[in-house]
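> got a sequence here, can you build the structure:
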Amino acid sequence: MPMLKTVAVASSAVVLASAESSSTMTNSKSSPVGKVIELIDELKVKVQKDLSAEEKAMASYTEFCDDEQTQKGFAIKTAGSEIEGFKAVIEETSGAITQLAGEIDAAGSAAAAKNSELSSATKIRE
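Just a heads-up that it's a prediction; the model follows:
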């Protein structure tokens with residue numbers, strides 16, 4: 001029996017506390033301080049939503065930056081390889097240019113010799 005009295009008293013206390021709390025809440029919401037608290041709670045919710053949206057946007061932007069960095073790194077490596085290939089082609093063609101310039105000079109000398117021979121043959125016929 002004493003246990004039942006303790007339970008009954010405890011449950012009565014809980015009911016009275018919740019009734020008092022709800023009447024205090026009603027009174028505080030209609031008071032200026034209650035209105036300020038209500039506005040602060042609303043702002044807190046709004047700020048939390050904005051923060052969540054900013055975190056999502058920042059995560060998206062960070063992912064974009066990481067992808068761009070990776071792509072630019074590959075582009076730089078590819079361009080470096082292409083530059084080395086172009087340097088090799090330049091060296092090869094420089095050698096070919098030097099060789100062909102020598103052949104052109106030799107052909108020019110041969111053409112000058114033939115012109116000289118033609119000129120002397122023409123003089124002999126006249």
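
> please report how far the most centrally placed residue in the chain lies from A79.
Residue closest to the average C-alpha location in the chain (Cα atoms, centre = their mean): C65, at 1.9 Å. Separation of C65 from A79 (Cβ to Cβ, to the nearest Å) stands at 21 Å. Any C-beta I mention is one placed from the backbone N, CA and C, and that applies to glycine too.

> can you list the domains in this structure?
Following automatic domain parsing, one gets these domains for the chain: 1-30, 31-125.

> roughly how far is the host helix or strand of A75 from the heart of the chain?
Per DSSP states H and E: A75 is located in helix 32-125. For helix 32-125, the separation from the chain centroid amounts to 18 Å (computed by Cα atoms, centre = their mean, to the nearest Å).

> can you pull the contacts of A112?
Contact analysis of A112 by Cβ atoms under 8 Å, 6 or more residues apart in numbering lists nothing.

> mind pulling up the pLDDT for it?
Looking at A112, its pLDDT stands at 89.

> and what of the one 10 residues further on?
At T122, the predicted lDDT confidence score is 85.

> over to V15?
41.

> so how far is S109 from G102?
Distance, G102 to S109, using Cβ to Cβ: 11 Å.
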